[in-house]
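Novice: Sequence and computational prediction follow.
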Amino acid sequence: MFQDERTELNGFGARRVRTAHGAAYVETGQGEPLVLIHGVGMRLEAWAPQVAALSAHCCVIAVDMPGHGESDRLEPGAQLEDFVAWLGVFLDDLALDGVSLAGHSMGALIAGGAAATLGARIRRVALLNGVYRRDPDAKAAVIARARTIGKGTVDVDGPLKRWFGEGSETAQLFSLTRRWLQAVDPEGYATAYNAFAHGDDVYAARWPEVHCPALFLTGSEDPNSTPEMALAMAVAAPRGQAHIIEGHRHMVNLTAPDAVNAILAEWLSREGERS
């Protein structure tokens with residue numbers, strides 16, 4: 001299942017740069033800008049397979065989400081709208097317009113909000129393992145986890161079992177992702193997870209207004225960012241397209257990098273909105 005042996009995931013061999021407003025990022029390649037936002041509890045290194053493959057064709061900018069990696073936190077209680085505003089400031093600091101934007105999990109929620117509110121600044125948008133209008137049971141469960149995290153209890157093993165499934169504990173990717181989760185700043189993690197828990201319907205009704213190419217990708221076995229969610233968003237977006245990768249779960253960009261990279265390359269070839 002895992003294709004981790006061929007990819008170095010511990011870093012890109014480049015130091016992070018910090019913007020004037022405290023966002024840490026790496027940039028590599030030339031051409032049109034592609035901005036990558038990771039999920040809650042992770043860091044920009046989680047995009048290593050995509051950076052390696054896609055920087056041959058465009059300028060890839062992978063950024064640490066607020067309170068993750070080396071990026072400054074947002075204030076406690078920040079909601080999804082605040083993370084979307086943070087992204088707008090990040091684009092301002094780098095003087096970027098007409099970007100392709102891809103997000104994973106919490107990063108997907110940010111990307112979706114940006115596509116809904118930033119107009120032609122977003123030329124294309126891709127949501128990997130994005131959540132959309134959770135059912136009541138799923139919503140109650142994720143809000144309960146957010147409350148527990150907010151009290152200072154960080155469960156590392158629970159997310160990993162949801163992300164990778166049972167029996168994956170000996171895989172290199174499992175161990176690496178576990179180290180990232182263990183290293184996350186607790187306050188930054190709590191703030192982001194709370195926004196993630198309450199953010200699944202903040203911009204959900206806005207997809208009919210998003211006219212750029214919109215990609216929705218997830219794994220067939222992802223129990224939280226389900227195929228049904230990806231398909232529903234693709235139907236709602238005028239230029240939506242869904243891809244379901246069979247046999248994979250939440251960390252599909254790491255566990256199926258070749259398939260994900262090929263799909264992203266095709267998405268990047270679709271004519272997008274111009275600023």
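Specialist: Sure, I can see it.
Novice: Make sure residue 112 is actually in contact with residue 127.
Specialist: Yes - using Cβ atoms under 8 Å, residue 112 is in contact with residue 127, at 5.8 Å. Where C-beta positions appear, they are placed from N, C-alpha and C, glycine not excepted.
Novice: shared neighbours of those two, anything?
Specialist: Contact criterion Cβ atoms under 8 Å, 6 or more residues apart in numbering; residues shared by residue 112 and residue 127: 103, 233.
Novice: Now do the end-to-end distance for stretch 124-140.
Specialist: Distance between the two ends of stretch 124-140: 32 Å, counting by Cα to Cα, to the nearest Å.
Novice: Same question for it: list its buried residues.
Specialist: By neighbour count with 16 or more other Cβ atoms under 10 Å, stretch 124-140 contains the buried residues 124, 125, 126, 127, 128, 129, 130, 131, 132, 134, 139.
Novice: tell me the contacts of the last one?
Specialist: Okay, so that is residue 139. So residue 139 contacts 197, 200 (Cβ under 8 Å, 6+ apart).
Novice: Please tell me how far the helix or strand where it lies is from the chain's geometric centre.
Specialist: Using DSSP states H and E, residue 139 sits in helix 136-150. On the basis of Cα atoms, centre = their mean, to the nearest Å, helix 136-150 sits 19 Å off its chain's mean C-alpha point.
Novice: by contact count, what packs against the helix or strand just after it?
Specialist: Using DSSP H and E, the helix or strand that follows helix 136-150 in sequence is helix 157-164. Judged by 3 or more Cβ pairs under 8 Å, 6 or more residues apart in numbering; DSSP states H and E, the packing partners of helix 157-164 are helix 172-183.
Novice: So for the helix it packs on, what gets flagged as buried?
Specialist: 173, 174, 176, 177, 178, 180, 181.
Novice: Among these, find me the one that's closest to residue 245.
Specialist: When these are compared for distance to residue 245 (Cβ to Cβ), residue 173 wins out at 15.1 Å.
Novice: is it true that the closest one touches residue 249?
Specialist: No - Residue 173 is beyond contact range of residue 249, at 11.2 Å (criterion: Cβ under 8 Å).
Novice: Let me see the ranges of the helices in the chain.
Specialist: All helices of the chain, identified by DSSP state H, fall at 48-54, 80-93, 106-117, 136-150, 157-164, 172-183, 186-198, 227-236, 252-255, 257-269.
Novice: Which of the ones you listed sits closest to residue 215?
Specialist: helix 257-269 (4.5 Å).
Novice: And the contacts of that closest one?
Specialist: 3, 7, 32, 34, 49-50, 53-54, 57-58, 100, 102, 124, 126, 128, 213, 215, 217, 241, 243, 245, 252-253.
Novice: Let's see that with 6 Å instead.
Specialist: Contact with helix 257-269 is made by 3, 49, 53, 100, 126, 215, 243, 245, 253, as judged by Cβ atoms under 6 Å, 6 or more residues apart in numbering.
Novice: pLDDT on it, on average?
Specialist: Mean pLDDT, helix 257-269: 97.
Novice: again with stretch 82-96
Specialist: 98.
Novice: From the chain's centroid, how far away is that stretch?
Specialist: Distance, centroid of stretch 82-96 to centroid of chain: 15 Å (Cα atoms, centre = their mean).
Novice: Name the residues of it that are buried.
Specialist: So, applying 16+ other Cβ under 10 Å, buried residues of stretch 82-96: 83, 84, 85, 86, 87, 90, 91, 94, 96.
Novice: Take these and write them to JSON lines, including distance to residue 164.
Specialist: What follows is those, written out as JSON lines (distance: Cβ to Cβ, whole Å):
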{"residue": "83", "distance to residue 164": "25"}
{"residue": "84", "distance to residue 164": "29"}
{"residue": "85", "distance to residue 164": "32"}
{"residue": "86", "distance to residue 164": "29"}
{"residue": "87", "distance to residue 164": "28"}
{"residue": "90", "distance to residue 164": "30"}
{"residue": "91", "distance to residue 164": "32"}
{"residue": "94", "distance to residue 164": "33"}
{"residue": "96", "distance to residue 164": "33"}
